[in-house]
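[1] Just need the structure, nothing else, for what follows:
(2 chains)
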Amino acid sequence: MQKYRLIGSSKRWHWVWAGMLLLLLVLPAMAQQSITLPDTEAGWTLAVEAIASRKPSNLGTLEVRGTGDLSFDPAAVTTLRPDVFQDGHFSVFDVLVHLAESEQIELEYAFDEVLQTHVIQSLNGLEGWWYDAHFDGGNFDKTVVRMDCFPVKDDMSIVLYLEDPERLNAIYQHFAAEVSSRDPESTEIIIPSVVFRSATQTVEFTNVVVTAHDARIDVFQPGVITALDVLLSLGESGALGTVGLEWRSEEAEIAVVDGYYVVAIQAGEFEPAATGSCVLIHQVLGEEIEDHVSPHTHTLTHIHLTGDLEVLVSPQVVEWLWVCL
Amino acid sequence: MQWIILANAKKRKARVVMTVAGIAIGVATLFALLALSAGIEQALDREISGMGAHILLLPEGCPYELTLSLMQGSDAFEHIPVEMLPTIQEVANVEVAVPVAVGKAKVNGQLNSIYGTTPEILGIRSWGIESFEGAVVGSDVAEKLGLEVGDILNIQLYSTIELPISTILEPTFGRDDTFVFVPMEVAQEVLGLGNQLSAVLVRTEVVSESTQTQYTLGRMSDIQAVPPSEVFDRLIELFVSVKQTLILITAIAIVAGILTTMNTMTMAVYERKQEIGILRALGSTRFNVFKLFVAESLFLSLLGGAVGLVGGYVATLFLPQNSGFGLEATPQFSFLYLVICLAVAVVVGVSSSLYPAMAAARTQPIKTLREL
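    Below you'll find the predicted structure:
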């Protein structure tokens, strides 16, 4: 008589079950990890070993308006900014260059010393291009981030389009103003105004000296200053009491987040209460672009372009807004 | 009484001017705020109701930003696949579903919003025309570019298309005046949209059942169904928070006006103690003295109010004529605002004169005559 055994009931399956149980317990913890700064030992420094970020690996698409969706393989993309990105990471502009190299588009570009970024001179014979991009779960947001500094993740949306010359000019003027206010020899930047806002409170710090804390050297090269460094530098200077961060690797239906959310902050009397799911979102502003960005109160894309992934050159204003969903 | 007030005003011209200016600033701010707020609310109402839709079908994303983009005629980069249109049209209670594709393109060399749609648009817009062929041009664009019916428009962005103008619309005093309406295929080709739409405007057969229709449409994947009234309420909500800040600033200006007038009147009482003593000695009652100072204060306040009204009106002519939502908003004037502003001026006058007038009324004639 033939004996039937339930699959998975043998002894060797016990190890598999145990492994799966362990994964079930460990995975949620990896997906979300809370950190309160300052740390008793590391102070305002974040240990990069504690996070497990991913390099882009899935086949991606980029829409060139008037041409359509173009596919790229992240493994084939190399960066034009090895001074900014670590090996395996790259920017929106790098994707564009890769598409040109694979003859899907015609691209003429150059590195503009005045703007300290790569600019499109012509794409498919047309001039005046700009882009918008958002990570999975976000929305297009009138981005004003340098195209060769916007990091690419899996499942993100990118669109290249012909921009209103007035807005494009304003963006370039903003970049030029940033470059002119930065000392190229210095490893620090000075931001004239850093503002924190909640529904009831506003606090401003002026002439904030910001240095790199290398919180994301998994993505960026050491020394690259990000918006998160503004908080870490303010913390080091004693202006902030505490900052609560959460490392999110995924969220709801978003497979790849891989970024730090700022979920608590205390700066003197500025200590917004968490009513629901709250985060501190940032926006880089400047006189030249104030009419050309989405209203900060009305956009949530910055949750997805988290502060640790936005490279700063030397902005005039960095505004942090406490939003509760 | 009048000649005493006028004589005093003539004697202390500089102080009168400064007091009147203080009150005028508060009243002017209030008048401008009321006129501009009404203009913004009217502009939003006009634009949203002017769409002619009972339900807006939008792509995924922030519905308010998408609606504003639609009203402003700019591409929001989020789109609805055109293949969804037949399914939308088949939903019960949908009378007409008008596809829309908007964006900015060069029209005869100048950047302008183009609005791609189908002849069904005539069913929801009150343009007074019977056919939608070629390009239908808004009155402002026609004036700006010097266009006439029969002219050939050169529309260019990702591709170039030439199109004859079939109609120049009568002024609607809304955003339609600033658009160039073109057939859907033309807009999609010029704007590089492929088979995508910016929005679908839905008009329902039975308006009272729109909520159920909205619910059904909203359950379709990749789109959201929003009633225009909800967008209007939300945008007004956003505006109200700004308005509250402006009201606070106006209130501060008015309180400053009250304090300025109070200071002027208190100084006047102090300086005119002897004059008050003589008046009292000649038989004026305490109430007469009290009335004199209240009337003087009222005179200054009403003068300030009148100057403020003129100043506020002039200010509205020079302030930006937009709603903050990228829509044109002409200030709206009403007799009610005039009454409110003058009432505020009266309140300023009376409240600021009470203390000085009571102090003046308490003046003892014998004591002041002794000091002569």
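[2] Would you enumerate the residues in contact with B:Leu153?
    Counting by C-beta atoms under 8 Å, 6 or more residues apart in numbering or on different chains, B:Leu153 makes contact with B:Val107, B:Asn108, B:Ala135, B:Val137, B:Leu147, B:Glu162, B:Leu163, B:Pro164, B:Ile165, B:Val180. Yep, even glycine has a C-beta here, placed from its N, CA and C like the rest.
[3] does A:Ala199 really touch A:Val323, like I thought?
    No. Contact criterion C-beta atoms under 8 Å: A:Ala199 and A:Val323 do not qualify, at 9.2 Å.
[4] More neighbours: those two, which one.
    Here A:Ala199 and A:Val323 are compared on neighbour count by other C-beta atoms under 10 Å in any protein chain shown; more neighbours surround A:Val323, at 20 against 13.
[5] in the stretch 201-350 of chain B, what residue is nearest chain A?
    Here the residue of the stretch 201-350 of chain B nearest chain A is B:Leu238; by C-beta to the nearest C-beta that distance is 7.6 Å.
[6] that's a helix at that residue, yeah?
    Yes. Assessed by DSSP: H, G, I helix; E, B strand; the rest coil, B:Leu238 belongs to a helix.
[7] How confident is the prediction for it, by pLDDT?
    As predicted, B:Leu238 sits at a pLDDT of 72.
[8] And for B:Lys10?
    pLDDT, read off for B:Lys10, is 71.
[9] What helix or strand is it located in?
    Using DSSP states H and E, the element containing B:Lys10 is helix B:2-11.
[10] From the contact counts, what lies against whichever helix or strand comes after that helix?
    Sequence order places helix B:13-50 as the next helix or strand after helix B:2-11, per DSSP H and E. In terms of contacts (3 or more C-beta pairs under 8 Å, 6 or more residues apart in numbering or on different chains; DSSP states H and E), helix B:13-50 is packed against helix B:63-72, helix B:228-271, helix B:286-318, helix B:335-361.
[11] Just put those helices in TSV and tack on mean neighbour count.
    Output for the helices and strands packed on helix B:13-50, formatted as TSV (neighbours: other C-beta atoms under 10 Å in any protein chain shown):
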stretch	mean neighbour count
helix B:63-72	21
helix B:228-271	17
helix B:286-318	20
helix B:335-361	19
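[12] could those helices be laid out in a markdown table, adding distance to A:Asp258?
    A markdown table is the format used below for the helices and strands packed on helix B:13-50 (distance: least, C-beta to C-beta, whole Å):
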| stretch | distance to A:Asp258 |
| --- | --- |
| helix B:63-72 | 26 |
| helix B:228-271 | 33 |
| helix B:286-318 | 50 |
| helix B:335-361 | 55 |
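[13] Lowest average confidence across those helices, which one?
    helix B:228-271 (a mean of 80).
[14] which bits of the stretch 51-200 of chain B sit near chain A?
    B:60-62, B:64-65, B:75-78, B:104, B:111, B:157-159, B:191-194 (C-beta under 8 Å from any C-beta of the partner chain).
[15] 7 Å instead?
    Neighbours of chain A within the stretch 51-200 of chain B, by C-beta under 7 Å from any C-beta of the partner chain: B:61-62, B:64-65, B:76-78, B:104, B:111, B:157-159, B:192, B:194.
[16] Restricting to C-alpha, output stretch B:91-110 in PDB.
    Provided in PDB are the C-alpha atoms of stretch B:91-110 (Å, rounded to 0.1, in the frame of the first residue of the first chain):
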ATOM      1  CA  VAL B  91     -21.900  54.200 -18.000                       C
ATOM      2  CA  ALA B  92     -25.600  54.800 -17.000                       C
ATOM      3  CA  ASN B  93     -26.600  58.400 -16.700                       C
ATOM      4  CA  VAL B  94     -23.700  59.700 -18.800                       C
ATOM      5  CA  GLU B  95     -25.300  62.000 -21.300                       C
ATOM      6  CA  VAL B  96     -22.100  63.200 -22.900                       C
ATOM      7  CA  ALA B  97     -18.400  62.500 -22.200                       C
ATOM      8  CA  VAL B  98     -16.100  65.100 -23.900                       C
ATOM      9  CA  PRO B  99     -12.500  64.200 -24.200                       C
ATOM     10  CA  VAL B 100     -10.000  67.000 -23.600                       C
ATOM     11  CA  ALA B 101      -6.200  67.300 -24.200                       C
ATOM     12  CA  VAL B 102      -4.500  70.500 -23.200                       C
ATOM     13  CA  GLY B 103      -1.000  72.000 -23.300                       C
ATOM     14  CA  LYS B 104       1.000  74.900 -24.500                       C
ATOM     15  CA  ALA B 105       2.300  75.200 -28.000                       C
ATOM     16  CA  LYS B 106       3.600  77.900 -30.300                       C
ATOM     17  CA  VAL B 107       0.600  79.400 -32.100                       C
ATOM     18  CA  ASN B 108       1.900  81.600 -34.900                       C
ATOM     19  CA  GLY B 109       5.200  81.700 -33.100                       C
ATOM     20  CA  GLN B 110       3.800  82.700 -29.700                       C
END
